[in-house]
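Chemist: attaching a predicted model along with its sequence, questions to come.
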2 protein chains.
Amino acid sequence: MTGFTSYMGAALEEAQLAAGRGEVPVGAVLVSPQGDILAQAGNRTRELNDPSAHAEVLVIREACAKLGQERLPGCELWVTLEPCPMCAMLISSARIARLIYAASDPKSGGIEQGPCIYSHAQAHHVPEVIDGVREPEAAALLRDFFAQRRSS
Amino acid sequence: MTGFTSYMGAALEEAQLAAGRGEVPVGAVLVSPQGDILAQAGNRTRELNDPSAHAEVLVIREACAKLGQERLPGCELWVTLEPCPMCAMLISSARIARLIYAASDPKSGGIEQGPCIYSHAQAHHVPEVIDGVREPEAAALLRDFFAQRRSS
């Protein structure tokens, strides 16, 4: 694992940009086995009218299209928030090697919450999971976003 | 619930077409509250190099784009196989009213298997679920597909 700070930094920037677009501020970065950023994105569900357009889905789709393959073995996914069950399952299907996320998401997360996607036999590949990386920054972004929405 | 046979019939046709393209034979149909088919599709993960391109995801994305909204309240999703956890979660996020599927999927399903997506608080909307509709036909399609793949 390289670029410990900078990959999550890029994901945090994407989260900030998403907030600016009125989207839930979550950002993700897809990193190749060689350490290159293959794709980076923030949520775009509102803009695209697409409930599947979470940051994780967007970077996985873009990286797969770029590489011309439907799996991403050896790749890392860096994301500012614990993935939801949809994204958690897609990360497994795409055979991503390692998932690194910042803040936990008790309300909608799918890794350490409720459905705990990777703890069942229906996940045919389980990535290595590292959590808590730059958690305070990601959590602050989300807190500010929802506080502002409530007050506006 | 109307069109009990014909909606699943259209989904089964999409599954058959998917098999012809070398894709796992699953088909889905998205039906409006008025009973109109908004989208129908079969799996295209191989063709599109997109691990998210399950039949359910494709019809939800297409229907949302068509209607210009990121939720599909009152709509029904008809699909030939029990949705995986990714699709199950997306069906919830899209606020689909009713999910009707044919065959169960012990290996990869997310409704009545392992993660049981709708039995946790992280699913903020739970659709009505009806299973077993035209199950023998859907199961036969899958059985034939995998038997042929093993023998080729």
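Modeler: Nice, thanks for sending it over. Please read these numbers as outputs of a predicted model, since none were measured by experiment.

Chemist: how about the residues of chain A by chain B?
Modeler: A:45-46, A:48-52, A:57, A:60-61, A:64-65, A:67-71, A:84-90, A:93-94, A:107-110, A:113-117, A:120-124 (Cβ under 8 Å from any Cβ of the partner chain). C-beta here means a position set from N, CA and C on the backbone, and glycine is covered the same way.

Chemist: could I have the buried ones of these as ChimeraX selection syntax?
Modeler: To isolate the buried members of the residues of chain A next to chain B in ChimeraX, using 16 or more other Cβ atoms under 10 Å in any protein chain shown:
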select /A:45,46,48,49,50,51,52,57,60,61,64,70,71,84,85,86,87,88,89,90,93,94,108,109,110,113,114,115,116,117,122,123
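
Chemist: what ranges does chain A have for its helices?
Modeler: A:4-20, A:45-48, A:55-67, A:85-93, A:135-151 (DSSP state H).

Chemist: identify, out of those, the most deeply packed stretch.
Modeler: Highest mean neighbour count among those (mean count of other Cβ atoms under 10 Å in any protein chain shown): helix A:85-93, with a mean of 28.

Chemist: quick one: residues contacting the residue nearest to residue A:106 when sequence neighbours are not counted.
Modeler: In space, and not counting its chain neighbours, residue A:106 is closest to residue A:113: 5.8 Å by Cβ to Cβ, 6 or more residues apart in numbering or on different chains. Applying Cβ atoms under 8 Å, 6 or more residues apart in numbering or on different chains to residue A:113 gives the contacts A:82, A:104, A:105, A:106, B:120, B:122.

Chemist: mind doing that once more with 10 Å?
Modeler: Residue A:113 makes contact with A:82, A:84, A:85, A:88, A:104, A:105, A:106, A:107, B:120, B:121, B:122 under the criterion Cβ atoms under 10 Å, 6 or more residues apart in numbering or on different chains.

Chemist: what's the answer for residue A:111, then?
Modeler: Counting by Cβ under 10 Å, 6+ apart, residue A:111 touches A:82-85, A:87-88, A:91, A:99, A:101, A:104-105, A:117-119, A:127, A:129, A:131.

Chemist: and the gap between it and residue A:120?
Modeler: Plainly put, residue A:111 is 12 Å away from residue A:120 if you go by Cβ to Cβ, to the nearest Å.

Chemist: before we move on, back to that, just the ones of the contacts of residue A:111 in strands?
Modeler: Here DSSP state E is the test, and the contacts of residue A:111 give A:99, A:101, A:129 as lying in strands.

Chemist: low-scoring stretches of chain A, by residue?
Modeler: Residue ranges of chain A with pLDDT under 70: A:1-5.

Chemist: is it correct that residue A:87 is in contact with residue A:54?
Modeler: Yes - if you go by Cβ atoms under 10 Å, residue A:87 and residue A:54 touch, sitting 5.3 Å apart.

Chemist: need the residues touching each of the two.
Modeler: Each of A:26, A:28, A:60, A:79, A:81, B:90 lies in contact with both residue A:87 and residue A:54 under the rule Cβ under 10 Å, 6+ apart.

Chemist: how about CSV for those, with distance to residue A:8 added?
Modeler: Putting those into CSV (distance: Cβ to Cβ, whole Å) gives the following:
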residue, distance to residue A:8
A:26, 12
A:28, 10
A:60, 17
A:79, 9
A:81, 12
B:90, 26
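
Chemist: out of the residues you listed, who's nearest residue A:38?
Modeler: Relative to residue A:38, the closest of the shared contacts of residue A:87 and residue A:54 is residue A:60; by Cβ to Cβ it sits at 9.6 Å.

Chemist: show me what contacts that closest one?
Modeler: With Cβ under 10 Å, 6+ apart, residue A:60 has these contacts: A:28, A:30, A:38-39, A:41, A:54, A:70-72, A:75, A:77, A:87, A:90-91, A:93-94, A:96, B:50-52.

Chemist: distance of the residue nearest in space to the middle of chain A from residue A:72?
Modeler: The residue lying closest to the centre of chain A (Cα atoms, centre = their mean) is residue A:79, at 3.5 Å. To residue A:72, residue A:79 is 14 Å away according to Cβ to Cβ.

Chemist: nearest to residue B:151, of the helices of chain A?
Modeler: Taking those one by one with Cβ to Cβ, helix A:85-93 is closest: 25.5 Å.

Chemist: gap between the closest one and the chain center?
Modeler: 10 Å (Cα atoms, centre = their mean, to the nearest Å).
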